[in-house]
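Participant: fold the following.
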Amino acid sequence: MPIIGDAEVNAVAEVLKNGPLTNALGKGPKVTAFEKEFAEFANVSYSIAVNTGTSALHLAIVSAGVKPGDEVILPSFTFVATAEAVVMAGGKPVFVDIDPRSFNINPNKIEEKITPNTKVIMPVDLFGLPADLTPIRKIAIDHDIAIVEDAAQAHGAKYSGKPVGMLANATCWSFYASKNMTTGEGGIITTNNDEIAKSLRMLRSHGEKSKYSSLTMGYNYRMSEMQAALGLVQLGKLPSFVAKRTANAKKLTLLLSKEKRLELPYNSEVMTSSWNLYTVKLKDSTEKERDKLVKTLRTKEIGAAVYYINPIHLMPFYRENFGLYALPETEEAAKKVFSLPVHPGLQDSQVEYIAQTLIKSL
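Facilitator: A predicted model of the protein is given here:
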């Protein structure tokens, strides 16, 4: 559950009382202010707010020029929206296996999947841990391919000491209620490219540069003023949310560090997680054993969960339309990982209870 206080309630109420509730071009005063503050947070020149994280992914893929027949390289171990956005644009998702340590796309597996039809590489900062963008960027430059980064879970994550997204052509964020900050639903695209920013602003509102004057095919993906008002307050609280998530993650790691059956989350000076999820791997186990352990934890009122139990390449629609893939690391992770709570609302005693209960349940 998101942490919502009086400041958020009052900010939304102010919009409801005084308006405007929205703007025909998506440029209302709250949205504009939110975009400005988020661009400063992400250390980029432009941010374009939209109604969902999926819309952000779709618009970024479209703005990269993906058309029917074009291919987009991405991991299968992620939420389905990453691939969904590619298909919505008419593109073909091409799945690549993950690094078993980070659960992110393995840069060493990308180049072998590149063809003359490859238009975009789409890394995901899974669970809040940045993908390894330096080698990915080199591959993209060498092959003249764009990078669209899925940072839906990475608010507050750092890559080489800077906010994620700095090495991508466009980066997409989600503000769904389970993320590190929320607007209820909502998303945003960040970029340093002036032409991409101009294109995104038109695409999100029916292809219009001015009202009733569509210059291109577009969509109705505007963010409302209520969402932006909520987002402005949440963005101000984000550093404290991430700091508490980080503290909770460090405490879990300390308490669980001696458990040989657990492979704990990867984190480094180069890739610093925002800890949207604290995901561990149960080594030397079967999927049935993992699921039994998660069920045990949940009966003890611990919100353990499995993300993502069904890799996208094994889902019927994608398997039937885009072919079969052998992704052993992806499939092993799907059978063995589970996530523990690191929510900023957790008290130290609760974090200790989670760790000790897990240890006793192994």
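Participant: residue closest to the middle of this structure?
Facilitator: When Cα atoms, centre = their mean is applied to the chain, the residue found nearest the centroid is residue 152 (1.9 Å).
Participant: tell me the contacts of that residue?
Facilitator: Residues in contact with residue 152 (Cβ atoms under 8 Å, 6 or more residues apart in numbering) are 53, 57, 79, 81, 124-125, 172-174, 176, 179, 187. Using the backbone N, CA and C atoms, a C-beta is placed for each residue, glycine as well.
Participant: which of the residues you listed lies closest to residue 6?
Facilitator: residue 179 (21.1 Å; Cβ to Cβ).
Participant: separation between that closest one and residue 102?
Facilitator: Counting by Cβ to Cβ, to the nearest Å, the gap from residue 179 to residue 102 is 20 Å.
Participant: ok so, going back, go through the contacts of residue 152 and name the one nearest residue 143.
Facilitator: Out of the contacts of residue 152, the member with the shortest distance to residue 143 (by Cβ to Cβ) is residue 124, at 19.6 Å.
Participant: just the contacts of residue 152: which are in helices?
Facilitator: 53, 57, 81 (DSSP state H).
Participant: can you count the residues close to the first one?
Facilitator: Using other Cβ atoms under 10 Å, residue 53 has 27 other residues around it.
Participant: measure it to residue 135 for me?
Facilitator: Here residue 53 is placed at a distance of 26 Å from residue 135 (Cβ to Cβ).
Participant: do the last one as well
Facilitator: Here residue 81 is placed at a distance of 25 Å from residue 135 (Cβ to Cβ).
Participant: picking that back up, mind putting the ones in helices among the contacts of residue 152 into TSV with pLDDT and distance to residue 219?
Facilitator: Formatted as TSV, the ones in helices among the contacts of residue 152 follow (pLDDT from 0 to 100; distance: Cβ to Cβ, whole Å):
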residue	pLDDT	distance to residue 219
53	98	14
57	98	12
81	98	15
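Participant: closest one of those to residue 36?
Facilitator: For the ones in helices among the contacts of residue 152, the nearest to residue 36 is residue 53 (19.9 Å; Cβ to Cβ).
Participant: make sure that closest one is actually in contact with residue 187.
Facilitator: Yes: between residue 53 and residue 187 there is a contact under Cβ atoms under 8 Å: 3.9 Å.
Participant: overlap in contacts of those two?
Facilitator: Residues touching both residue 53 and residue 187 by Cβ under 8 Å, 6+ apart: 152, 172-175.
Participant: mind putting those into a markdown table with pLDDT?
Facilitator: As requested, these are arranged in a markdown table below (pLDDT from 0 to 100):
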| residue | pLDDT |
| --- | --- |
| 152 | 98 |
| 172 | 98 |
| 173 | 98 |
| 174 | 98 |
| 175 | 98 |
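Participant: from these, which two are the most distant?
Facilitator: Spanning the widest gap among these are 172 and 175, at 11.1 Å by Cβ to Cβ.
Participant: shared neighbours, those two?
Facilitator: Joint contacts of residue 172 and residue 175 (Cβ under 8 Å, 6+ apart) are 53, 187-188.
Participant: nearest to residue 339 among the residues you listed?
Facilitator: Closest approach to residue 339 among the shared contacts of residue 172 and residue 175 (Cβ to Cβ): residue 53, at 18.5 Å.
Participant: the closest residue to that closest one other than its chain neighbours: how many residues sit nearby?
Facilitator: Leaving out its chain neighbours, the residue that sits closest to residue 53 by Cβ to Cβ, 6 or more residues apart in numbering is residue 174, at 2.7 Å. The burial count assigned to residue 174 is 30, neighbours taken as other Cβ under 10 Å.
Participant: going forward, begin numbering at 508 instead of 1
Facilitator: Yep, numbering from 508; the last one is residue 681 now.
Participant: test my guess that residue 681 contacts residue 557.
Facilitator: No: in terms of Cβ under 8 Å, residue 681 does not count as a neighbour of residue 557; the distance is 10.1 Å.
Participant: quick check: neighbours shared by those two?
Facilitator: Common neighbours of residue 681 and residue 557 (Cβ under 8 Å, 6+ apart) are 563, 693-694.
Participant: tabulate those (a markdown table), appending pLDDT and neighbour count.
Facilitator: As requested, the shared contacts of residue 681 and residue 557 are exported to a markdown table (pLDDT from 0 to 100; neighbours: other Cβ atoms under 10 Å):
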| residue | pLDDT | neighbour count |
| --- | --- | --- |
| 563 | 98 | 33 |
| 693 | 98 | 28 |
| 694 | 98 | 29 |
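Participant: of these, closest to residue 807?
Facilitator: Nearest member of the shared contacts of residue 681 and residue 557 to residue 807, counting by Cβ to Cβ, is residue 693, at 33.7 Å.
Participant: ok, and the closest non-adjacent residue to the closest one?
Facilitator: Sequence neighbours aside, residue 682 is the residue nearest to residue 693 in space, at 3.7 Å (criterion: Cβ to Cβ, 6+ apart).
Participant: point out where the stretch 658-807 of the chain drops to low pLDDT.
Facilitator: By pLDDT under 70, the stretch 658-807 of the chain contains no weakly predicted segment.
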